[in-house]
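Peer 1: Got a predicted structure here, sequence first:
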Amino acid sequence: MIGIVTTPLVPLRESDNERSELYSQLLFGERVEILETRERWLLVRNIYDSYEGWVDRKMIQILHPSEDKRIAEASRYFVQVPLLICDKTTCNEKMFLPGGGLLPDMIDGKFTIENETYQIHVSENSLNNEISGQRIVNLAMQYLNAPYLWGGKSVFGIDCSGLVQVVFAMVGIPLLRDASQQVDSGKVIDFLNEVKAGDLAFFENVDGKIIHVGIMLNSNQIIHSSGWVKIETIDSQGIISSKTGDYTHNLRVVKRII
């Protein structure tokens, strides 16, 4: 059974309890495979990135198989701004869509999911098809000063790998959810002076585990989510705090996705 997210964000939790840890968030338009059903909860797998967790069952709309097939095969567009106003024309309501949200089979800003029709103002969501490192940087800069939230994927709270995943989704490049998974993508860049805008820098803890990721602006600056989304200096050792001048993250590797 397949469901879809038709609200802006859905919390994806570790267990079937509202007090359990926030693992991630599902974005508008993302489809999920339903793995297990309990009274109030569903165990789901995000079809976009294979991430699993528990969601409140009333926050997922079950798709008829024919509608699921249509959406799965449809052209996909992504929200390319942190927040986008959407009109639900059938019920005459407005809703905010988060950056990275999926808009299936859209024509002139209009698309449907089951019996609801949605309309966005295309001019407010550029639908720029450019795929470049500088485009990645420009999209990431929209999230400057967004607060850090473990498991978050929106401008109101976002973690380091969530920022990377959402920004790359905006240009149609799918990445896995966690920094420890994202590090397996791309080509290794051996030296910082060879870095280009949009490269990803990964950082490790004392045990050598990848625990952090950010987007390189150039060979000595990075945008990342740590406390909040910010730009800081980086060298071959790691990130240097703009507040204290101390090293906060130990650099492991730089990878090029684009």
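Peer 2: Arrived safely. Residues are numbered from 1 along each chain as shown.
Peer 1: Mean confidence (pLDDT) on the lengthiest helix in the chain, please.
Peer 2: When the chain is parsed with DSSP state H, its longest helix is helix 160-170. The pLDDT scores in helix 160-170 average 97.
Peer 1: Distance from the chain centre to that helix, please.
Peer 2: 4 Å (C-alpha atoms, centre = their mean, to the nearest Å).
Peer 1: ok, now which ones touch Q182?
Peer 2: Counting by C-beta atoms under 8 Å, 6 or more residues apart in numbering, Q182 touches 161, 164-165, 175-176, 200, 202, 213. (C-beta placed from N, C-alpha, C; glycine too.)
Peer 1: go with 6 Å
Peer 2: The contact partners of Q182, by C-beta atoms under 6 Å, 6 or more residues apart in numbering, come to 175-176, 213.
Peer 1: just P82 next, same as before
Peer 2: P82 makes contact with 99, 142, 155, according to C-beta under 6 Å, 6+ apart.
Peer 1: now, among these, which is nearest to E232?
Peer 2: Distance to E232 across the contacts of P82 (C-beta to C-beta) is lowest for Q142, with 17.6 Å.
Peer 1: distance of the closest one from E39?
Peer 2: Separation of Q142 from E39 (C-beta to C-beta, to the nearest Å) stands at 40 Å.
Peer 1: how deep is the residue lying closest to I60 once chain neighbours are set aside tucked in, by neighbour count?
Peer 2: Leaving aside its sequence neighbours, I60 sits nearest to G3 (C-beta to C-beta, 6 or more residues apart in numbering; 3.9 Å). Residues lying near G3 (other C-beta atoms under 10 Å) number 23.
Peer 1: Quick check: G3 vs D56, distance?
Peer 2: Distance of G3 to D56, given as C-beta to C-beta: 12 Å.
Peer 1: Mind listing the shared neighbours of the two?
Peer 2: Here G3 and D56 share no contacting residue, scored by C-beta under 6 Å, 6+ apart.
Peer 1: which of the contacts of P82 count as buried?
Peer 2: The neighbour-count test (16 or more other C-beta atoms under 10 Å) applied to these identifies 99, 142, 155 as buried.
Peer 1: for the stretch 1-150 of the chain, what spans make up the helices?
Peer 2: Using DSSP state H, counting those that start in this stretch, the helices of the stretch 1-150 of the chain run over residues 65-73, 133-141.
Peer 1: Only alpha carbons, please: show the first one as PDB.
Peer 2: In other words, helix 65-73. Extracted C-alpha coordinates of helix 65-73, given in PDB (Å, rounded to 0.1, in the frame of the first residue of the first chain):
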ATOM      1  CA  PRO A  65      -3.300   2.100  -7.100                       C
ATOM      2  CA  SER A  66      -4.200   3.900 -10.400                       C
ATOM      3  CA  GLU A  67      -3.400   7.300  -8.900                       C
ATOM      4  CA  ASP A  68      -0.200   6.000  -7.400                       C
ATOM      5  CA  LYS A  69       0.800   4.800 -10.900                       C
ATOM      6  CA  ARG A  70       0.000   8.100 -12.400                       C
ATOM      7  CA  ILE A  71       2.000  10.100  -9.900                       C
ATOM      8  CA  ALA A  72       4.900   7.600 -10.000                       C
ATOM      9  CA  GLU A  73       5.200   8.000 -13.700                       C
END
